[in-house]
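Colleague: Got a predicted structure here, sequence first:
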Number of protein chains: 2
Amino acid sequence: MKKAVCLISGGLDSCTTVHIAKKEGYEIYAISFDYGQRHKKEIESAKNIAFSVKAKSHVIFNIDLSKFGGSSLTDENLKPDKDRSLDQIGKNIPSTYVPARNTVFLSIALAYAETINADSIFVGATATDYSGYPDCRDEYIKAFQKMANLATKKGVEGKTIEIRAPLINMTKADIIKKGLDLGAPFEKTWSCYVGDEKACGRCDSCLLRLKGFKEAGAKDPIDYNQLPNWYKN
Amino acid sequence: MKKAVCLISGGLDSCTTVHIAKKEGYEIYAISFDYGQRHKKEIESAKNIAFSVKAKSHVIFNIDLSKFGGSSLTDENLKPDKDRSLDQIGKNIPSTYVPARNTVFLSIALAYAETINADSIFVGATATDYSGYPDCRDEYIKAFQKMANLATKKGVEGKTIEIRAPLINMTKADIIKKGLDLGAPFEKTWSCYVGDEKACGRCDSCLLRLKGFKEAGAKDPIDYNQLPNWYKN
């Protein structure tokens, strides 16, 4: 059986991605990161998502990126943006950007994949609606693949640990439709940057998620503290 | 003043590398990794080396790569090779290989560099005498650079965090000569994979180090439990 290391953040994208891997017949080795983020609810969501694909194992990896600061997701002194209009979002790199986060996460996934002799790594990176993160672009994933081929014992032996980012060119609405098709448990996911009891409905992540559901013609199954007017209408 | 993030492992190579960065006029931001390795003495050596270059800061980053296993450096059930002949060493990838270690370390250094707006990252990777680690080759470093340019906010703005591996094509003997020229405190370094009170003089790392000193015509300033006959003569 083919093995895949799947990065599960707890959000819509990684939830859909791991269900794509499952559908393709991979045995799933899930990995999630506790990286000093504010919104710890992500980890609980990740556990539920790993359970939904009957993951063979689920590693929760501790890595304290808040040690460096520089992001409103990990730095106490910075706050995520809120109530931005949809056309503001995605125009520049937002305060929630965690320096080199995907590189760090993919590198650790690569170490895991090499150790268990996995065939592939699945990551939910997506360039559209990507909120301006540089490490969510197709060209970045391709460069990571080249580096990974040179970095590993498996690469030296002429084999490849394939980096799969099946959502890379999909819109949020397409991702939602795909996930719904595959029976991905979106009611278990968490996207909000704030991390209160209910999703805030005001941060970039909530807004992009709600926009995606609206465009997909579907109802977001999670609860929000407040909803933007454009979603209600 | 130019800023450099310098990876300091505590061994000869990173000791020489950080002294090269210092000589070039960089302000040094040191980073070392506590990654579940057996030989914790490395960390003490790293602290002394950071002190010797008057580092602006020294981050000791905890990352538990032993969680995955797969290397005799981090896995209790595996033991490093010993008493191998010099021509055995370097012929294949040894048991001490930690999957994707340099990729993980460089990625975290990249996160640090991006956060503090550093100009360069210095790493002591060396391809010759590299004991068969795939992630110590020039082509690997070049691929990492390309990936890093695409991964970061700084890269998007058209600037580069330069990955510097000044020892990449130097022999251990050349590295030792260079370090001695720069006044690098080799008496503070630690290379042994075993991690007893004194260096074992039998693991691959001790043997390559002793061979280097012999070829450089210099005396290794640290104490060994035992020395190979070819070194004594």
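Modeller: Yes, it's here.
Colleague: Would you tell me whether the longest helix that chain A contains gets close to chain B?
Modeller: Secondary structure assigned by DSSP state H gives helix A:101-116 as the longest helix of chain A. Yes: using Cβ under 8 Å from any Cβ of the partner chain, helix A:101-116 reaches chain B at A:101-104, A:106-108, A:110-112, A:114-116. Using the backbone N, CA and C atoms, a C-beta is placed for each residue, glycine as well.
Colleague: Quick one: list the elements packing against that helix.
Modeller: strand A:3-7, strand A:27-34, strand A:120-122, helix A:138-151, helix B:101-116, helix B:138-151 (3 or more Cβ pairs under 8 Å, 6 or more residues apart in numbering or on different chains; DSSP states H and E).
Colleague: Could I get the buried residue list for the fourth one?
Modeller: Buried positions in helix A:138-151, judged by neighbour count with 16 or more other Cβ atoms under 10 Å in any protein chain shown: A:140-151.
Colleague: I'd like the mean pLDDT over the longest helix of chain A, please.
Modeller: Regarding helix A:101-116, the rounded mean pLDDT is 93.
Colleague: By mean pLDDT, flag the weakest helix or strand of chain A.
Modeller: helix A:153-156 (a mean of 79; mean pLDDT, DSSP states H and E).
Colleague: count of residues packed around A:A46?
Modeller: 28 (other Cβ atoms under 10 Å in any protein chain shown).
Colleague: Which strand or helix spans it?
Modeller: helix A:41-52 (DSSP states H and E).
Colleague: What is the helix or strand hosting A:R209 packed up against?
Modeller: Per DSSP H and E, A:R209 falls inside helix A:204-216. Helices and strands touching helix A:204-216, by 3+ Cβ pairs under 8 Å, 6+ apart, are helix A:172-181, helix A:229-232.
Colleague: Can stretch A:37-48 be said to contact chain B?
Modeller: No: figure legend: stretch A:37-48 not in contact with chain B (Cβ under 8 Å from any Cβ); closest approach 13.8 Å.
Colleague: mind showing which ranges of chain A have poor pLDDT?
Modeller: A:38-39, A:69-78, A:90-97, A:129-132, A:233 (pLDDT under 70).
Colleague: ok, for A:G25, nearest residue in space, not its chain neighbours?
Modeller: With sequence-adjacent residues excluded and distances taken as Cβ to Cβ, 6 or more residues apart in numbering or on different chains, A:G25 is closest to A:K2, at 6.4 Å.
Colleague: typo on my end, A:K188
Modeller: Closest to A:K188 by Cβ to Cβ, 6+ apart is A:N48, at 4.0 Å.
Colleague: isn't that neighbour right up against A:A184?
Modeller: No: the criterion here is Cβ atoms under 8 Å, and A:N48 misses it with A:A184 at 11.2 Å.
Colleague: Give me the more crowded residue out of the two.
Modeller: Per other Cβ under 10 Å, whichever of A:N48 and A:A184 has more neighbours is A:A184, with 25 against 16.
Colleague: secondary structure element for the more buried one?
Modeller: Using DSSP H and E, no helix or strand contains A:A184.
Colleague: What residues does it make contact with?
Modeller: Applying Cβ atoms under 8 Å, 6 or more residues apart in numbering or on different chains to A:A184 gives the contacts A:15-16, A:19, A:49, A:52.
Colleague: Helix A:172-181 and the helix holding A:R209, what's the angle between them?
Modeller: Angle between the axes of helix A:204-216 and helix A:172-181 is 70 degrees (criterion: axes from the mean of the first three to the mean of the last three Cα atoms, to 10 degrees).
Colleague: in helix A:204-216, what's buried?
Modeller: For helix A:204-216, by 16+ other Cβ under 10 Å, it's A:204-214, A:216.
Colleague: What of stretch A:170-185?
Modeller: A:170-179, A:184-185.
Colleague: Repeat that for stretch A:188-196.
Modeller: Those buried within stretch A:188-196 under the rule 16+ other Cβ under 10 Å are A:188-195.
Colleague: now do stretch A:225-233
Modeller: Neighbour counts over stretch A:225-233 (16+ other Cβ under 10 Å) mark A:P228 as buried.
Colleague: right, is the helix or strand that the helix holding A:A46 is followed by up against chain B?
Modeller: Downstream of helix A:41-52, the next assigned helix or strand under DSSP H and E is strand A:57-62. Yes: Strand A:57-62 reaches chain B (Cβ under 8 Å from any Cβ) through A:59, A:61-62.
Colleague: follow-up on the earlier one: list just the one of the helices and strands packed on helix A:101-116 that sits closest to B:Y35.
Modeller: helix B:101-116 (7.4 Å; Cβ to Cβ).
Colleague: How far off centre is that closest one?
Modeller: 14 Å (Cα atoms, centre = their mean, to the nearest Å).
Colleague: Check stretch A:203-212 too.
Modeller: Centre to centre, stretch against its chain (Cα atoms, centre = their mean), the figure for stretch A:203-212 is 14 Å.
Colleague: So what touches that stretch?
Modeller: Contacts of stretch A:203-212 (Cβ under 8 Å, 6+ apart): A:11-12, A:80-82, A:84, A:86, A:89, A:94, A:96, A:129, A:131, A:171-173, A:175-176, A:191-194, A:199-201, A:220, A:224, A:227-228, A:231.
Colleague: Now go through those and say which are in helices.
Modeller: A:12, A:172-173, A:175-176, A:231.
Colleague: returning to that earlier point: the residue nearest to A:G25: how many residues sit nearby?
Modeller: Number of residues near A:K2 (other Cβ under 10 Å) recorded here: 11.
Colleague: A:D138 versus that one, what's the distance?
Modeller: The spacing between A:K2 and A:D138, counted by Cβ to Cβ, to the nearest Å, is 23 Å.
Colleague: Repeat that for A:T128.
Modeller: For A:T128, the distance to A:D138 - Cβ to Cβ - is 10 Å.
Colleague: before we move on, back to that, what element comes up after the least confident helix or strand of chain A heading to the C-terminus?
Modeller: Using DSSP H and E, the helix or strand that follows helix A:153-156 in sequence is strand A:162-164.
Colleague: Would you mark the buried spots in that next one?
Modeller: Buried residues in strand A:162-164, defined by neighbour count with 16+ other Cβ under 10 Å: A:163-164.
Colleague: For that strand, which strands pair with it and how are they oriented?
Modeller: Counting by DSSP bridges, the strands paired with strand A:162-164 are strand A:120-122 (parallel).
Colleague: what residues does the partner strand touch?
Modeller: With Cβ under 8 Å, 6+ apart as the criterion, strand A:120-122 contacts A:2-7, A:17-18, A:20-21, A:26, A:106, A:109-110, A:113, A:161-166.
Colleague: Buried ones only from these, please, as a ChimeraX command.
Modeller: Restricted to buried positions by 16+ other Cβ under 10 Å, the ChimeraX selection for these reads:
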select /A:4,5,6,7,17,18,20,21,26,106,109,110,113,161,163,164,165,166
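Colleague: re earlier: most neighbours among the residues of strand A:57-62 next to chain B, please name it.
Modeller: A:F61 (19 neighbours).
Colleague: what about the closest residue to that residue other than its chain neighbours, how many neighbours?
Modeller: Excluding the flanking residues, the one nearest A:F61 by Cβ to Cβ, 6+ apart is A:F33, at 5.3 Å. Around A:F33 there are 23 other residues, counting by other Cβ under 10 Å.
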